[in-house]
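Asker: Model the structure of this input:
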Amino acid sequence: MGRSVLMLVTNEYRPDPRVHKEARALLQGGYDVVVAAWDRTWARPLREVMEGVHVHRLRTRKVGGQIALALNYPLFLLRSIGEARRSRPDVVHAHDLDTLPIGILISRLRGIPLVFDAHERYAEMIALDVPRSISRAVQRFEDMLVPRADLVVTINDVMADGLGKHSRDDVLVVMNVIELPPPSKMRVHEDHVPIVLFNPVTFEPMRYLEESMEAASKIDGCILRIAGSGRLKDAVERASQLHPNVEYLGHLPFTELLEQYTKADVVLILADPANENYRTGIANKMGEGMAFGLPILASRGTLTGDIVEANGCGMTFDWSEERFRAAVEVLRDHSTRMEMGRKGREAAEREYNWGVMGQRLLSAYERLLSPQRRSAP
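Answerer: Residues are numbered from 1 along each chain as shown. Predicted structure coming up:
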């Protein structure tokens, strides 16, 4: 039975947390894994081994905008086919829609199974930046390609339902959660001032980022710490300079990001439910916060909010500055935070942890490569 996997990503792999966790799970299951990553800025080594994962970065011309991205994509496609010829994989694993056409080509050329891993609703993700007609065309394109995958993987049940309308088999849900930290790392909630809110987030519109910074700046005895990067970076930097209780931590490596959870009291997961991608997605920080025993303050009307409400591991609200400030006041009570954090940790131990998800992925791979399936007409 073949035991080598070629993963395709259109980022430089710093690493990408989800891709890395899946690659590590496959390594632990006895697979060899190569990640073919598009290094658009020539900023990383061409070859690197990261915790056993072989990272082969593929370079085109440097990419600095959408036009350059489109012009260089065909060359990345050719580089990926060349990488498949060199590494001779037994499975090609395409991460997100932008690598799916390449995965299909490699699968057909080499006669190997194709895994399509949808991290998000791609058409909805780009809807903020392109005319609606284009995002609809992208969705139709994805719907047309999904049936060509031998295994479809995604991040939650809502996305699985959508992809399942077009996939040949049941869609596998592998959530973006972490390995459970030891109980010693869990937050012990005490009665103290200030209360520390932590928001690790992509700095994009419709995440109430500017609104929450403005609201937090007016709350006495409160610190808002923000980590991440994105197009609203300038706004975050300005707010951190104007308001002493708004702290910008920069873009943190994953290990440093996890360390911040041990210093926080509440995790913010705020998003406008009018954005379908945000409404039906689950932020990585939900599982991370739950694993560290932190209450979640989430937007009502989102899938994350539904999970928080179902598990009693935080609070949800419809955005307004008044409701945000009221929720912070409720969460000042350390016994409330402790109880919500305990429920979140219980849910993380039961379901929302990487041990469960990694095993799901391994089991699906074993079925995908089983002699019976491979010999089927």
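
Asker: where are the low-confidence patches of this protein?
Answerer: 1-2, 372-377 (pLDDT under 70).

Asker: The same query, at a cut-off of 80, please.
Answerer: For the chain, residues meeting the criterion pLDDT under 80 lie at 1-2, 123-130, 371-377.

Asker: mind giving me the domain split of it?
Answerer: 4-177+354-375, 183-350 (automatic domain parsing).

Asker: could I get those as TSV with mean neighbour count?
Answerer: (C-beta placed from N, C-alpha, C; glycine too.) Shown next, in TSV, are the domains of the chain (neighbours: other C-beta atoms under 10 Å):
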stretch	mean neighbour count
domain 4-177+354-375	18
domain 183-350	19
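
Asker: what's near enough to touch Arg323?
Answerer: Contact analysis of Arg323 by C-beta atoms under 8 Å, 6 or more residues apart in numbering lists Phe317.

Asker: Which helix in the protein has the most residues?
Answerer: If you go by DSSP state H, the chain has its longest helix at helix 66-87.

Asker: which other helices and strands contact that helix?
Answerer: strand 4-9, strand 32-38, strand 53-58, helix 100-110 (3 or more C-beta pairs under 8 Å, 6 or more residues apart in numbering; DSSP states H and E).

Asker: The last one: what's the following helix or strand?
Answerer: Moving toward the C-terminus from helix 100-110, the first helix or strand encountered (DSSP states H and E) is strand 114-118.

Asker: Likewise for the second one?
Answerer: Taking DSSP H and E as the definition, the helix or strand that follows strand 32-38 towards the C-terminus is strand 47-50.

Asker: That next one pairs with which strands, parallel or anti?
Answerer: strand 53-58 (antiparallel) (DSSP bridges).

Asker: what's the angle from the helix or strand just after the longest helix of the chain to strand 4-9?
Answerer: For helix 66-87, the following helix or strand on the C-terminal side (DSSP H and E) is strand 91-95. Angle of strand 91-95 versus strand 4-9, following axes from the mean of the first three to the mean of the last three C-alpha atoms, to 10 degrees, is 20 degrees.

Asker: helices and strands around strand 91-95, which ones?
Answerer: strand 4-9, helix 17-28, helix 100-110, strand 114-118.

Asker: Would you format the ones you listed as TSV with distance to Glu322 included?
Answerer: Below are the helices and strands packed on strand 91-95 laid out as TSV (distance: least, C-beta to C-beta, whole Å):
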stretch	distance to Glu322
strand 4-9	42
helix 17-28	35
helix 100-110	44
strand 114-118	37
